[in-house]
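> next come a sequence and a model predicted from it.
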Amino acid sequence: MKKILVLNGPNLNMLGIREPGVYGSDTLASINAEIADYAKTQNIECDFYQSNCEGELVSKIHSLMTDYDGCVFNAGAYTHYSYAIRDAISSVNKPVIEIHMSNVHAREEFRHTSVISAVCKGTIAGFGKKSYMLGVEALSDII
Ligand code: DQA
């Protein structure tokens with residue numbers, strides 16, 4: 001069975017509390033449970049990891065090399081400025097799908113730039129928690 005990492009960056013542990021009008025009222029734990037159920041239907045096993053720390057995310061991305069077939073990644077605000085995360089993704093030879101729950105292009109100007117898109121396989125944004133499922137589906141076609 002293929003194994004993927006579902007990786008979440010800063011403030012995504014606050015889902016359910018944080019700006020429910022933008023991100024909905026589901027917690028990260030409940031979204032992760034739904035992702036695991038969906039992934040099983042695709043014959044994919046998931047690990048889940050969330051961190052608010054850039055270096056921890058970088059180290060987890062490095063673990064893709066040995067431990068995973070691919071990654072669905074919501075980098076949160078690091079999307080917009082973390083060259084360290086970008087370099088980590090381009091250091092490993094495994095597909096990473098960039099996802100966002102909100103439509104970042106319909107929001108503030110600073111969210112229109114992603115420094116990681118160019119090193120990801122593709123980007124999904126704007127579908128709420130379904131963005132994660134779409135990311136898993138996209139990955140299932142290429143791993
Ligand atoms: C986000 C969008 C980012 O701009 C923001 O900083 C987040 C969440 C999203 O899922 O829509 O933390 O990645």
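Arrived safely. The model shown is predicted, which means the values in this text are computed figures rather than measured ones. Numbers count the residues shown, from 1 in each chain.

> quick check: residue 132 is in a helix.
Yes. Counting by DSSP: H, G, I helix; E, B strand; the rest coil, residue 132 is found in a helix.

> next one: it from residue 35, what distance?
Separation of residue 132 from residue 35 (CB to CB, to the nearest Å): 5 Å. Any C-beta I mention is one placed from the backbone N, CA and C, and that applies to glycine too.

> so what's residue 89 up against?
61, 73, 96, 116, 119, 120 (CB atoms under 8 Å, 6 or more residues apart in numbering).

> equivalent analysis for residue 57, please.
7, 9, 51, 75, 78, 85, 88 are the contacts of residue 57 under CB under 8 Å, 6+ apart.

> in three-state terms, label the residue nearest the centre of the chain for me.
What sits nearest the mean C-alpha location of the chain, by CA atoms, centre = their mean, is residue 73, with 1.7 Å. Classification of residue 73 using three-state DSSP returns strand.

> in the protein, which helix or strand is least confident?
Here the helix or strand of the chain ranked lowest by mean pLDDT, DSSP states H and E is helix 20-23, holding a mean of 92.

> centre of the chain versus that helix, how much separation?
Its chain's C-alpha centre and that of helix 20-23 lie 17 Å apart, by CA atoms, centre = their mean, to the nearest Å.

> and what of stretch 101-121?
Counting by CA atoms, centre = their mean, stretch 101-121 comes out at 12 Å from the chain centroid.

> who touches that stretch?
Contacts for stretch 101-121 (CB under 8 Å, 6+ apart): 22-24, 73-75, 78-83, 85-86, 89-90, 95-98, 123, 125-129, 131, 138-139, 142.
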